[in-house]
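Engineer: structure for the following, please:
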Amino acid sequence: MTFAYWNPVFLQQDRLLNPQTGDFLSVDVELMGVELLEVRGEMMQAQRYKITAKDIDLMVWYSNEDEWLGLESIAKPGQVIRYELS
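Structural biologist: Have a look, this model is predicted:
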């Protein structure tokens with residue numbers, strides 16, 4: 001499976017395919033807790049997960065119904081890239 005962030009099944013994998021390089025990477029997924037996010041103009045609970053692998057450090061958020069809500073990545077040199085459902 002690839003890093004298909006919109007599909008929460010990827011959180012259950014211990015190896016993922018990096019489609020940019022063709023390499024399979026060992027990944028660690030850690031539930032960081034629940035927090036409130038603004039989605040479509042309303043506050044809602046979201047589970048935040050930390051995903052780490054070689055040269056990859058991501059945070060992803062999902063609703064209680066497993067809907068993808070957002071992603072945050074650290075880009076070089078330390079810039080933050082964030083995608084949010086709107």
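
Engineer: surely P19 and T2 touch.
Structural biologist: Yes: under the criterion of Cβ atoms under 8 Å, P19 lies in contact with T2, with a separation of 5.3 Å. Every C-beta, even on glycine, is put in place using the N, C-alpha and C of the backbone.

Engineer: overlap in contacts of the two?
Structural biologist: Both P19 and T2 lack any common contact, where contact means Cβ atoms under 8 Å, 6 or more residues apart in numbering.

Engineer: identify the residues contacting the closest residue to N18 other than its chain neighbours.
Structural biologist: Leaving aside its chain neighbours, N18 sits nearest to L25 (5.6 Å; criterion: Cβ to Cβ, 6 or more residues apart in numbering). Going by Cβ under 8 Å, 6+ apart, L25 touches 15-18, 53-54, 56.

Engineer: how near is the residue nearest to W68 when sequence neighbours are not counted to V60?
Structural biologist: Counting by Cβ to Cβ, 6+ apart, the nearest residue to W68 once its immediate chain neighbours are dropped is W6, at 4.4 Å. Here the criterion is Cβ to Cβ, to the nearest Å. By it, W6 lies 9 Å from V60.

Engineer: any shared contact partners between the two?
Structural biologist: W68.

Engineer: more neighbours, those two?
Structural biologist: Neighbour count, other Cβ atoms under 10 Å: between W6 and V60, V60 has more, with 25 against 11.

Engineer: and the residue nearest to the spatial centre of the chain, what element?
Structural biologist: Geometric centre of the chain, nearest residue: V60, 2.7 Å, by Cα atoms, centre = their mean. Under the criterion of DSSP states H and E, V60 resides in strand 56-62.
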